[in-house]
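Undergrad: Build me a structure from this.
(one chain, ligands or ions: 2)
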Amino acid sequence: MRALITGITGQDGSYLAEHLLSLGYEVWGLVRGQANPRVSRLRRLLKDVQLVRGDLLDQTSLMSAVEKVQPDEVYNLGAISFVPMSWEQAELTAEVTGMGVLRMLEAVRRRPGTRFYQASSSEMFGQVRETPQNERTPFHPRSPYGVAKAYGHFLTQNYRESYGMHAVSGILFNHESPRRGAEFVTRKVTLGVARIKLGLASELRLGNLSARRDWGFAGDYVRAMHLMLQSPEPEDYVIGTGRTQSVRELVEAAFTAAGLSYEDHVVSDETLYRPAEVDLLCADPKKARVQLGWEPTVPFEELVAMMVEADIRLLTDGRDPEQDASWG
Ligand code: NAP
Ligand code: G4F
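TA: Ligands and ions are numbered 1, 2, ... in the order given. This next block holds a predicted model:
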């Protein structure tokens, strides 16, 4: 089996590539730019991945990439994925995170039989209509990112219905790891804790501490992506743990894991609040459990402790978290 992954230099791309390689796949990754610095780190981690150039903004490059690789499975993970950036660069987010899905689907449509996975997001539920959220819960996105993801989600469904493509969306809730980008709240907190523990900082400034998320481990979630494409019928699935914690509880767990008290260090800064917030996300992953046999294996407290430990090690080794963090 041959797989093509867009977004291979990101958190999920690296875990998915590792997983597919372990299953005996030939793995290709789409990389963009003439000198993408994360590619060299990816090479260190995943020596067996082959790379092909392409950009979600450039239809011709995607057609050429699919033509060259001739994949059995395509995993479209590439996106502008940081929600606050989607207000600052709404048009670019629409182009990459939204229209990029159209461009990939068009490239894949020309190769009948290729299975397509779209990285949809719980951010589409936004201002939630019910809790927990399942595959039938209506969307009410609260950011340009969420709107772009909803477009990609419906388009994937539409190509499945219009052209009979084996195209599926995984509606994934937040998933984290030591390879998570430093801009996301879990990693910002665990890096902040590590800096405070090592005497490199004394304060951690955060935004809304009351928001709640359903946080799981990225390594578990990429297994679900692969399982979805093996199912005989193309269907969409919600993937999450079914538990929800507040950012305050995340902070408390991270500081406790390092033997510190968060009240001594954390400052809530209103300038970090979002124009519109998603207050609560909590998955109902029953369909994935029953139909795919998928279960998360890393509980929240263990995930946070794993990330704190990895960041203390990273900083103790004198590595630069902005450069090396995503790759452990
Ligand atoms: P990530 O670490 O931010 O990775 C994003 C990837 O997209 C990077 O490899 C980046 O490549 C690539 N990319 C950005 N612009 C591109 C372009 N114009 N053309 C081609 N590639 C481009 O994201 P992640 O956490 O791994 O998430 C993977 C996917 O799942 C994303 O689509 C995200 O929106 C979605 N998702 C994530 C979560 C989560 O909790 N992690 C939950 C639900 C859905 P460069 O290295 O070149 O920048
Ligand atoms: O970690 P976050 O930035 O993730 P968010 O916005 O939930 O998005 C992530 O998960 C989505 C799935 O639901 C993905 F689709 C998306 O690509 C991304 O991976 O923020 C989580 C929560 C928010 O409510 C935010 O307001 O944490 C709150 N928060 C509080 N202080 C903060 C901060 N978030 C960040 N990034 N930085 C803060 O200082």
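Undergrad: What residues of the longest helix anywhere in the chain count as buried?
TA: Looking across the chain with DSSP state H, the single longest helix is helix 144-163. By neighbour count on 16 or more other Cβ atoms under 10 Å, the buried set for helix 144-163 is 144-153, 155-157, 159-160. Every residue, glycine included, has its C-beta placed from N, CA and C.
Undergrad: Report all helices and strands that the helix or strand just after that helix contacts.
TA: Using DSSP states H and E, the helix or strand that directly follows helix 144-163 along the chain is strand 167-172. In terms of contacts (3 or more Cβ pairs under 8 Å, 6 or more residues apart in numbering; DSSP states H and E), strand 167-172 is packed against strand 115-121, helix 144-163, helix 218-230, strand 237-239.
Undergrad: I'd like these laid out as a markdown table, including distance to Pro299 and mean pLDDT.
TA: Formatted as a markdown table, the helices and strands packed on strand 167-172 follow (distance: least, Cβ to Cβ, whole Å; pLDDT from 0 to 100):
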| stretch | distance to Pro299 | mean pLDDT |
| --- | --- | --- |
| strand 115-121 | 22 | 99 |
| helix 144-163 | 27 | 98 |
| helix 218-230 | 11 | 98 |
| strand 237-239 | 16 | 99 |
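Undergrad: closest to Leu172 out of these?
TA: Closest to Leu172 of these is strand 237-239 (Cβ to Cβ; 4.8 Å).
Undergrad: one step back: of the buried residues of helix 144-163, which is the nearest to Gln245?
TA: Gly146 (20.5 Å).
Undergrad: Please verify my assumption that the closest one contacts Glu123.
TA: Yes - using Cβ atoms under 8 Å, Gly146 is in contact with Glu123, at 4.2 Å.
Undergrad: Between the two, which contacts overlap?
TA: Common contact partners of Gly146 and Glu123 (Cβ atoms under 8 Å, 6 or more residues apart in numbering): Val83, Val278.
Undergrad: Ligand 1 contacts on the stretch 151-300 of the chain?
TA: Leu172, Asn174, His175, Gly181 (Cβ under 6 Å from any ligand atom).
Undergrad: rerun at 5 Å
TA: Proximity of the stretch 151-300 of the chain to ligand 1 (Cβ under 5 Å from any ligand atom) is limited to residues Leu172, Asn174, His175.
Undergrad: quick one on the thing from earlier: may I ask which two of the buried residues of helix 144-163 are separated the most?
TA: Largest pairwise distance in these, by Cβ to Cβ, is 25.0 Å, between Pro144 and Arg160.
Undergrad: so what are the domain limits for the chain?
TA: As assigned by automatic domain parsing, the chain contains the domains 2-175+216-239, 180-214+244-280+299-316.
Undergrad: From ligand 2, how far out is Met1?
TA: Between Met1 and ligand 2 the distance is 27 Å, computed by Cβ to the nearest ligand atom, to the nearest Å.
Undergrad: does that residue really touch Thr114, like I thought?
TA: No - the criterion here is Cβ under 8 Å, and Met1 misses it with Thr114 at 11.2 Å.
Undergrad: more crowded one of these two?
TA: Thr114 (21 against 13; other Cβ atoms under 10 Å).
Undergrad: top of the residues of the stretch 151-300 of the chain next to ligand 1 by neighbour count?
TA: Going by other Cβ under 10 Å, His175 tops these with 26 neighbours.
Undergrad: Okay, and the beta partners of it?
TA: Per DSSP bridges, residues listed as beta-bridge partners of His175: Gly216.
Undergrad: residues in contact with it?
TA: Per Cβ under 8 Å, 6+ apart, neighbours of His175: Asp12, Trp215, Gly216, Phe217, Ala218, Asp220, Tyr221.
Undergrad: Try it again at 7 Å.
TA: Taking Cβ atoms under 7 Å, 6 or more residues apart in numbering, we find His175 in contact with Gly216, Phe217, Ala218, Tyr221.
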